[in-house]
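1. Quick one, structure for this:
(2 chains)
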2 protein chains.
Amino acid sequence: MDRLTIIKVGGKVVEDTDSLSAMLDQFIKFSGNKILVHGGGSTATEIAGKLGIETEMVEGRRITGKSMLDVATMVYGGLVNKKIVAGLQARGCNGIGLTGADLNLITARKRPVQEIDYGFVGDIVDVNSSELRMLIGENVVPVIAPLTHDGKGQLLNTNADTIAAELASEMSGYFSVYLFYCFEKKGVLLNPDDESTIIHELDKAVFKQYQKEGIINTGMIPKLDNGFRAKRNGVKEVLITNIANMANGRGTRLV
Amino acid sequence: MDRLTIIKVGGKVVEDTDSLSAMLDQFIKFSGNKILVHGGGSTATEIAGKLGIETEMVEGRRITGKSMLDVATMVYGGLVNKKIVAGLQARGCNGIGLTGADLNLITARKRPVQEIDYGFVGDIVDVNSSELRMLIGENVVPVIAPLTHDGKGQLLNTNADTIAAELASEMSGYFSVYLFYCFEKKGVLLNPDDESTIIHELDKAVFKQYQKEGIINTGMIPKLDNGFRAKRNGVKEVLITNIANMANGRGTRLV
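-> I've put the predicted structure just below:
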């Protein structure tokens, strides 16, 4: 099978002009089929603040009211996504910016209200890989914002790490998929303040043990859960890394 | 040649939920190949105001400073564009939201500073029809926001009427193109307050005469200039109309 590289970059990487530029310079080094999935970061929170919309977080997850969904659609689907695309085009890479609504790529269900009402947050129901494969077959590079839709006209906010894992899982039926989670640190660290404590290889049993002992930073847990799920679903390699190291394959490898 | 319908809808149509919904219901009635081009409308001005960015207009054109370009990218490329796409998908129409940066569709040049510095406004240099034709060949419906790029990483704000005319001109080499400018009135009116004064057919000489006599509303002039240019470039039909009449072909026909 052909190789497909899926790179997820965090919000912090894409909202600063210099780090965005550095990321794009690394991203274009990957030859062949590739997809970029990006997060939103704090720009949405900042703009929401200026517009008088309060940002409510529960357990590290943003509660997405109607106004906040509009801000997410503007910032993730518009500002961040199109800046990335323009930056790729400037580098000779034929990017196309997409949300899950475009081409009906990712259908989600509004998360049911239980203890917490997350608002307009979508849990992925279906990934439409045929349209993505069509674009990739045309040497196009999809750039995917963390937004999905319910198929009935409602956009929904969906975690970018989860989108990357679901895309990787679905595409692993057609490609040999390499999934990279790219954030600020070199990889998963035993001590979050010391990059020399990087874990080069992490298996699920050790991860669960570390998690129980509180060794792994809580912010890393959804990323790792997503990564291990992708591995289980046939993704060839999952690497947690940073911009500087992504192109040379260094970081924390899930095994 | 196959028929291609290109419909440009104004900002006022798309920023209100009810009129957006009514427009989409009409839009999907057009069978076969189609492209939707949308304007931005006053949402950008309103959001810019809340963010403390002043909107400066010269001769009906927005001056696009750096902050205003970000707002345009958010509102046109994100909020408006993705709401339209989600609405089309809900109606079984396979929409894809695009700017001129996506797939390198529309390259523009930042307007040179003469008497007025328009800021980040782009004059179209090139329309890349091959990618549009590829999408149309896949039964995809492009939804195009009024944003272009310079190919060097800079997004630019470009008038939606002009984008529609340039796309129509370029595509008329491959399709029998029908271009519809859809706004609030039934067509071009002799008296802007009386829809019974609609001009059913307008030729360029009469238009120029009316323009000289100040009969035609100044807001209509760029639309008509664009429409006549498209006609001259081989577009089969140009119609100025409103939502209720677009699907039945009534309005002002340029001849």
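2. Now do the phi/psi pair for the residue of the stretch 51-200 of chain A found nearest chain B.
-> In the stretch 51-200 of chain A, the residue that lies nearest chain B is residue A:78 (2.2 Å; C-beta to the nearest C-beta). Placement of C-beta: from N, CA and C, glycine included. Recorded main-chain torsions at residue A:78 are phi -110, psi -80, according to degrees, to the nearest 10.
3. Counting neighbours, what do you get for it?
-> 31 (other C-beta atoms under 10 Å in any protein chain shown).
4. again, but for residue A:163
-> Other residues close to residue A:163 by other C-beta under 10 Å number 29.
5. quick one: it and residue A:156, what's the gap?
-> Residue A:163 sits 11 Å away from residue A:156, going by C-beta to C-beta, to the nearest Å.
6. overlap in contacts of those two?
-> Common contacts of residue A:163 and residue A:156, defined by C-beta atoms under 8 Å, 6 or more residues apart in numbering or on different chains, comprise A:100, A:148.
7. could you point out where the stretch 51-200 of chain A is predicted with low confidence?
-> A:60-62 (pLDDT under 70).
8. So which elements touch the host helix or strand of residue A:229?
-> Using DSSP states H and E, the element containing residue A:229 is helix A:221-232. Packing contacts for helix A:221-232, counted by 3 or more C-beta pairs under 8 Å, 6 or more residues apart in numbering or on different chains; DSSP states H and E, involve helix A:160-171, strand A:176-183, helix A:204-212, strand A:237-242, strand A:252-254.
9. What residues sit buried inside stretch A:24-35?
-> Under the neighbour-count criterion of 16 or more other C-beta atoms under 10 Å in any protein chain shown, stretch A:24-35 has A:24, A:26, A:27, A:28, A:30, A:33, A:34, A:35 buried.
10. Pretty sure residue A:170 sits against residue A:130.
-> No - in this structure, residue A:170 is not within contact of residue A:130 by C-beta atoms under 8 Å, at 10.2 Å.
11. which bits of the stretch 151-255 of chain A sit near chain B?
-> A:151, A:152, A:153, A:154, A:155 (C-beta under 8 Å from any C-beta of the partner chain).
12. separation between the fourth one and residue A:81?
-> In this case it means residue A:154. Separation of residue A:154 from residue A:81 (C-beta to C-beta) stands at 19 Å.
13. The third one now?
-> With distances defined as C-beta to C-beta, the gap from residue A:153 to residue A:81 amounts to 20 Å.
14. Look at the two and report which has more neighbours.
-> Ranked by neighbour count (other C-beta under 10 Å), residue A:153 and residue A:81 place residue A:81 first, with 33 against 17.
15. Look up the closest residue to that one, ignoring the ones flanking it.
-> Spatial nearest neighbour of residue A:81, excluding adjacent residues (C-beta to C-beta, 6 or more residues apart in numbering or on different chains): residue A:97 at 4.1 Å.
16. and residue A:117, what does it touch?
-> By C-beta under 8 Å, 6+ apart, the neighbours of residue A:117 are residue A:63.
17. tell me the phi and psi of it?
-> The phi/psi pair for residue A:117 (degrees, to the nearest 10) is phi -100, psi 100.
18. looking at it, residue A:216 is touching residue A:207, isn't it?
-> Yes - at 7.0 Å, residue A:216 and residue A:207 qualify as touching, with contact defined as C-beta under 8 Å.
19. Residue A:170 and residue A:130: which is more packed in?
-> Taking other C-beta under 10 Å, residue A:170 and residue A:130 do not tie; residue A:170 has more neighbours (22 against 10).
20. Identify the residue nearest that one in space, chain neighbours excluded?
-> That would be residue A:127: by C-beta to C-beta, 6+ apart, it lies 4.1 Å from residue A:170.
21. Neighbours of the one you found, how many?
-> 20.
22. cool, and residue A:38?
-> Look at residue A:38: counted by other C-beta under 10 Å, it has 29 neighbours.
23. what are the bridge partners for it, then?
-> Counting by DSSP bridges, residue A:38 forms beta bridges with residue A:9.
24. Give me every residue in contact with stretch A:244-255, excluding its own residues.
-> Under C-beta under 8 Å, 6+ apart, the answer for stretch A:244-255 is A:7, A:22, A:26-27, A:29-30, A:180, A:182, A:186-188, A:198-204, A:224, A:227-228, A:231, A:237-242.
25. tell me the SS of residue A:156?
-> Following DSSP: H, G, I helix; E, B strand; the rest coil, we place residue A:156 in the strand state.
26. didn't it look like it was pressed against residue A:122?
-> Yes - with contact defined as C-beta under 8 Å, residue A:156 counts as touching residue A:122 (2.9 Å).
27. what touches both of those two?
-> A:100, A:108, A:110, A:148, A:149, A:150.
28. State the distance from the first one to residue A:42.
-> Residue A:100 sits 22 Å away from residue A:42 when distances are taken as C-beta to C-beta.
29. check contacts around the residue of chain A most remote from its centre.
-> Ranking residues of chain A by C-alpha distance from their mean position (C-alpha atoms, centre = their mean) puts residue A:52 at the top, at 27.3 Å. Listed by C-beta under 8 Å, 6+ apart, the contact partners of residue A:52 are residue B:50.
30. Pretty sure it sits in a helix.
-> No - if the criterion is three-state DSSP, then residue A:52 is coil and not within a helix.
31. Phi, psi for residue A:150 please.
-> According to degrees, to the nearest 10, residue A:150 has phi -100, psi 0.
32. pretty sure residue A:106 is in contact with residue A:158, am I right?
-> Yes - with contact defined as C-beta under 8 Å, residue A:106 counts as touching residue A:158 (7.2 Å).
33. of these two, who's got more company?
-> It is residue A:106, of residue A:106 and residue A:158, that has more neighbours when counted by other C-beta under 10 Å, with 29 against 26.
34. which SS class is the residue lying closest to that one once chain neighbours are set aside?
-> Distance criterion C-beta to C-beta, 6+ apart; nearest residue to residue A:106, sequence neighbours excluded, is residue A:100 at 3.0 Å. Secondary structure, three-state DSSP: residue A:100 is coil.
35. Next, count neighbours for residue A:100.
-> 34.
36. thought it was touching residue A:151?
-> No - taking C-beta under 8 Å as the definition, residue A:100 is not a contact partner of residue A:151, at 9.9 Å.
37. got any residues that touch both of these two?
-> Between them, residue A:100 and residue A:151 share the contacting residues residue A:107, judged by C-beta under 8 Å, 6+ apart.
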